[in-house]
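Asker: Here is the input, now give the coordinates:
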Amino acid sequence: MSNVLSSPSDVSEHLLARTGEALMAGDFDSFARCFSLPYDLETLEGQRQIRSRTDLKATFDAVHAHLVKQQVTMMARHCVSASFRGENEVAATHETRLLSRDILVQQPYPAFSLLKRHDDGQWKITSTSYVIVDSAELNDALQAG
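Answerer: Below is the predicted model:
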């Protein structure tokens, strides 16, 4: 599949789709395959480095629980911009909208990620910076661990 991803936005959209579907379904294994460890995560509350699968699972579980609590039925995410920083690295920004049926749960929020292609040809997320200004609960969930 990674050979089909020829443009930076294709890489970003592919990972957004896979991680979003996994979060909504509660499928940690599919979610985890999209990340390279250590993984750097930043919110307005601070920075942390996720070094282990156990730490990634704690974050996944906290974010998934937040989505369930907010009755999110759709996580609409799209790539805003993406560019190659080298043959095996993409810098990408995306926007997320969380919806409960047809109601926006919170204001859309942007994020910036670095995506790297590994020796096996798979693209993985190595870092993400979120700018979530209206949900301390979601920021707390991202900082879980």
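Asker: Tell me which residue lies farthest from the centre of this structure.
Answerer: Asp102 (22.2 Å; CA atoms, centre = their mean).
Asker: From Ala76, how far out is that residue?
Answerer: 11 Å (CB to CB, to the nearest Å). Where you see a C-beta, it was placed from the backbone N, CA and C, and this is true even at glycine.
Asker: what's the answer for Ser9, then?
Answerer: Distance from Ser9 to Ala76, by CB to CB: 16 Å.
Asker: the more surrounded of these two?
Answerer: Shown here are Ser9 and Ala76; by other CB atoms under 10 Å, Ser9 has more neighbours (18 against 13).
Asker: Tell me the secondary structure at the more buried one.
Answerer: helix (DSSP: H, G, I helix; E, B strand; the rest coil).
Asker: residue ranges of the strands in the chain, please?
Answerer: Under the criterion DSSP state E, the chain contains strands at 35-43, 46-50, 74-86, 89-100, 103-104, 109-117, 123-130.
Asker: mind checking which of the ones you listed is nearest Met24?
Answerer: For Met24, the closest of these is strand 74-86, at 5.8 Å, according to CB to CB.
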